[in-house]
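Q: Test case, fold it:
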Amino acid sequence: MSDTSSTTPARTYLFALVDGGGTVPPELGAVRRLVERGHDVTVLAEDSMADEVIATGAALRRWTTAPNRPTRLADDDPTRDWECKNPLQLFDRLLDLQFVGPAPAYATDVDAAIAERRPDLVVCSMFALGAMIAAEGAGIPFDMLMPNVYLLRAAGMPPMGLGLQPARGFAGRTRDRAINALMERSWAKGLPAINDLRRERGLAPLARLWDQAEHARRKLVMTSTAFDFPATMPDNVRYVGPVLDDPAWAIDGDSKIAAREPADQPFVLVAMSSTYQDQQDSIQRVVDALGSLPVRALVTTGPAIDPTIIDHEANVEVVQSASHQALMPTAAVVVTHGGHGTVIKSLAAGVPLVILPHGRDQADNAARVVARHAGVKVPRSSKPAKIAAAICRVLDDPSFADDARALGEIIRRDAASAALVRELENLPVTCPI
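A: As a prediction, the model looks like this:
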């Protein structure tokens, strides 16, 4: 039976998604919500996401020309970003292997899907610039999903990737201008190839690489405005609240440690990346820290790390996955790499955090947690004693939990707002010929 409102006609959607690890559950949460409302949804996805796509009830269409990783294991990672020694090397690798190099292949696959499905809207992950160009060239509106904080340039927003706080005064504004100019020069290396792809489809060239995102009907930022830093946003930006769904592969089982007495020993949940980031040594140091504390701890390594390689004390349980939604309300603190999904779900549960950023957007998420006094950040290379001290600091100071709970109330409200579906359904009514 369709759940689609009588005032909202059934639509045909094409999602063009690239496996970003933690981006997958919220993106597929959008898919599932549209399917539940009776819409016809097809998802172009990688084999590493296939089971999760099928679980939404949408039709799965695999990338055939574009990159298609079979698993989330390290050997199948196309960018291997953990190998990069500096941000400039990372930029070059992202351009070559994610944003620009495979853009023609993404466009080719989306061309074929559009020809077959004739969607009313194409919904793209941020990685799939070629998919956006294919939709624009076919005259079909496209939205860009951003299941993170706002990652593009905006007035008042600190440059991304460095874990910066918002600029203060002349020195801060000078800092932002200098970093933004350097980043712009790095992105500009990919502009000629993107403009060539646009010209092939009769589209005008761009002045900057990320102007492609400004051609989106909507940029849907899947977080809470209370969590992100304030900034002056482009007209097509909409904050639609987070999707708090667990990934389909998370096991909703019982944890012996979480249920174990004495209950006066605080429960600590450790949630690390769902993709490989060379994090096994960091996990071991976190586990060593927990083994020295009077706590009960459950460590979820994620599917990219074998939990049996982690040595641990009796007060620590190490598993590959567990239902974070079920466990977080009982936790006193969450220790994490700082992916947006884990951070926002922890805060929604009112739980403060200890964050060891490993890369990607994680330092930026940590900066927002620190700014809201909802947790602390320590380097990923920290020794067990320093990690233990950070955990104790959060456990011993109730103001961290107080502020996490206050922020969590707003995050839960935004997550329940239905703004995401409302924006995706807000399309012009078309009359049958």
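Q: just for the chain, where's the confidence low?
A: Along the chain, segments meeting pLDDT under 70 span 1-7, 251-263, 429-433.
Q: can you give me the strands in it?
A: Assigned by DSSP state E, the strands in the chain fall at 12-16, 40-45, 59-62, 121-125, 142-146, 218-221, 237-239, 267-271, 296-300, 316-319, 333-336, 353-355, 375-377.
Q: Residue 15: neighbouring residues, count only.
A: Close neighbours of residue 15, defined as other CB atoms under 10 Å, add up to 29. To be clear about C-beta, it is placed using only N, CA and C from the backbone, and glycine gets the same treatment.
Q: brain fart, residue 265
A: With neighbours defined by other CB under 10 Å, the count for residue 265 comes to 16.
Q: And for the one 4 residues further on?
A: By other CB under 10 Å, the residues close to residue 269 number 27.
Q: now do the one 5 residues further on
A: As a burial measure, residue 274 scores 28 neighbours (other CB under 10 Å).
Q: Which residues are in contact with it?
A: 21, 22, 24, 72, 247, 302, 303, 304, 339 (CB atoms under 8 Å, 6 or more residues apart in numbering).
Q: Can you lay out those residues as TSV showing neighbour count?
A: Shown next, in TSV, are those (neighbours: other CB atoms under 10 Å):
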residue	neighbour count
21	21
22	24
24	27
72	21
247	22
302	26
303	20
304	22
339	28
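Q: Go through the chain and flag its longest helix.
A: helix 169-188 (DSSP state H).
Q: which residues touch it?
A: Helix 169-188 is contacted from outside by 88, 91-92, 95, 153, 158-159, 162, 164, 166-167, 208-210, using CB under 8 Å, 6+ apart.
Q: Which members of the residues you listed are classed as buried?
A: 91, 95, 153, 158, 159, 164, 167, 209, 210 (16 or more other CB atoms under 10 Å).
Q: Now compare those and name the two farthest from each other.
A: Greatest spacing in the buried ones among the contacts of helix 169-188, by CB to CB: 95 and 167 (26.6 Å).
Q: sorry, back to before: now the strands of the chain in a markdown table, please, with extra columns for distance to residue 192.
A: What follows is the strands of the chain, written out as a markdown table (distance: least, CB to CB, whole Å):
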| stretch | distance to residue 192 |
| --- | --- |
| strand 12-16 | 23 |
| strand 40-45 | 26 |
| strand 59-62 | 30 |
| strand 121-125 | 21 |
| strand 142-146 | 22 |
| strand 218-221 | 24 |
| strand 237-239 | 27 |
| strand 267-271 | 41 |
| strand 296-300 | 43 |
| strand 316-319 | 48 |
| strand 333-336 | 39 |
| strand 353-355 | 38 |
| strand 375-377 | 38 |
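Q: Which one of those lies nearest to residue 288?
A: So among these, strand 316-319 is nearest, using CB to CB, at 9.2 Å.
Q: what's the closest one packed up against?
A: helix 256-259, helix 280-291, strand 296-300 (3 or more CB pairs under 8 Å, 6 or more residues apart in numbering; DSSP states H and E).
Q: go again using 10 Å as the cut-off
A: If you count contacts as 3 or more CB pairs under 10 Å, 6 or more residues apart in numbering; DSSP states H and E, strand 316-319 packs onto helix 256-259, strand 267-271, helix 280-291, strand 296-300.
Q: Any idea which of the ones you listed gets closest to residue 382?
A: The nearest among those, by CB to CB, is helix 280-291 at 6.9 Å.
Q: Remind me what the closest one packs against, helices and strands.
A: strand 267-271, strand 296-300, strand 316-319, strand 333-336, helix 384-396.
Q: repeat that for 6 Å
A: Contacts defined by 3 or more CB pairs under 6 Å, 6 or more residues apart in numbering; DSSP states H and E place helix 280-291 against strand 316-319, helix 384-396.
Q: can you tell me which of these comes nearest to residue 416?
A: Using CB to CB, the nearest of the helices and strands packed on helix 280-291 to residue 416 is helix 384-396, at 26.9 Å.
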